[in-house]
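K.L.:
Predicted model and sequence below, questions to follow.
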Amino acid sequence: MKQLVRFFSLGLLTAGIIMLGVVLISDNNKENNLSAEELIPIIEEEGYHVVSNDEYIAMTVNPNENKPEQNSDEADKNSDKEKSEKKDESKDKEKEVKETDDEQAKKDKKEDKKEDENKSYVLNVESGMPTSSISNLLEENGIIDKASDFTKYLEKHDYSLKVKAKETKVTSDMSYYELAQALMNY
């Protein structure tokens with residue numbers, strides 16, 4: 001047993017000496033270590049871009065702006081401006097959705113006037129019922145023309161996850177928007 005411990009300690013001593021030699025030899029090559037200021041021009045010559053942390057954060061917050069030369073104050077101002085523009089865009093999108101829904105409602109009403117039939121149906125939505133099943137029931141009872149279109153509408157406008165389990169009276173003269181609102185209990 002003593003002999004085994006001696007060989008193990010001799011192996012550790014040998015490994016330590018070898019590692020010390022490698023460290024001492026590699027320290028002599030300090031001339032190849034360049035500072036960050038010296039590396040930037042070399043990296044840019046290769047076609048890469050070098051940005052600071054503040055510039056990187058500003059670019060990730062404002063991905064539409066590709067100006068790494070901005071300082072952090074300008075980036076903050078642009079960030080605030082971008083946020084207000086996004087709020088305006090979301091309001092515009094809501095208006096577009098309502099306008100689209102109104103156009104759809106007018107279209108549905110025109111189609112219903114042609115038929116001169118206004119069908120009504122009491123839809124019983126059960127908990128966990130998929131929107132495709134709801135759309136199929138509405139199509140089967142003559143409330144909507146095409147179940148797949150209504151299902152796509154619900155998913156596109158994020159209504160599919162907001163449908164409440166309840167009984168809802170719906171009519172064929174209701175637009176997709178009105179149907180979705182009725183299904184969501186609004």
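P.N.:
The structure has been received and is ready for your questions.

K.L.:
Show me the domain layout of the chain.
P.N.:
Taking automatic domain parsing as the domain assignment, the record places the domains of the chain at 35-88, 100-183.

K.L.:
for the chain, where's the lowest mean pLDDT among helices and strands?
P.N.:
In the chain, no helix or strand scores lower on mean pLDDT, DSSP states H and E than helix 72-115, which sits at a mean of 62.

K.L.:
Ranked by average pLDDT, which of the domains of the chain falls at the bottom?
P.N.:
Set side by side, these differ in mean pLDDT, and domain 35-88 is lowest with a mean of 71.

K.L.:
check contacts around Leu13.
P.N.:
For Leu13, no residue meets the contact criterion (CB atoms under 8 Å, 6 or more residues apart in numbering). Just so you know, the C-beta spots here come from the backbone N, C-alpha and C atoms, and that holds for glycine as well.

K.L.:
So it belongs to a helix, correct?
P.N.:
Yes. In this structure, Leu13 lies within a helix as judged by DSSP: H, G, I helix; E, B strand; the rest coil.

K.L.:
circling back to that earlier point, strand partners (parallel or antiparallel) of the next helix or strand after the least confident helix or strand of the chain?
P.N.:
Later in the chain than helix 72-115, the nearest helix or strand by DSSP states H and E is strand 120-124. Pairing partners of strand 120-124, with direction, according to DSSP bridges: strand 167-171 (antiparallel).

K.L.:
Show me what the partner strand is in contact with.
P.N.:
Counting contacts by CB under 8 Å, 6+ apart, the residues outside strand 167-171 that touch it are 118-125, 138, 143, 179, 182-183.

K.L.:
got the CA positions of it in CSV?
P.N.:
Output in CSV follows, covering the C-alpha atoms of strand 167-171 (Å, rounded to 0.1, in the frame of the first residue of the first chain):
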residue,chain,number,x,y,z
GLU,A,167,-75.0,29.6,-23.6
THR,A,168,-75.0,32.4,-26.1
LYS,A,169,-77.8,33.5,-28.5
VAL,A,170,-76.4,34.3,-31.9
THR,A,171,-78.0,35.3,-35.2
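
K.L.:
Next SSE downstream of it?
P.N.:
helix 176-183.

K.L.:
Count the neighbours of Leu138 for me.
P.N.:
The local packing count at Leu138 equals 23, with neighbours defined by other CB atoms under 10 Å.

K.L.:
Need the residues that contact whichever helix or strand it is part of.
P.N.:
With secondary structure defined by DSSP H and E, Leu138 is part of helix 131-140. Around helix 131-140, the neighbours that count as contacts under CB under 8 Å, 6+ apart are 121, 123, 125, 144-148, 150-151, 154-155, 159-160, 163, 170, 179, 183.

K.L.:
mind running it again at 6 Å?
P.N.:
Surrounding helix 131-140, the residues in contact under the criterion CB atoms under 6 Å, 6 or more residues apart in numbering are 144, 147, 150-151, 154, 160.
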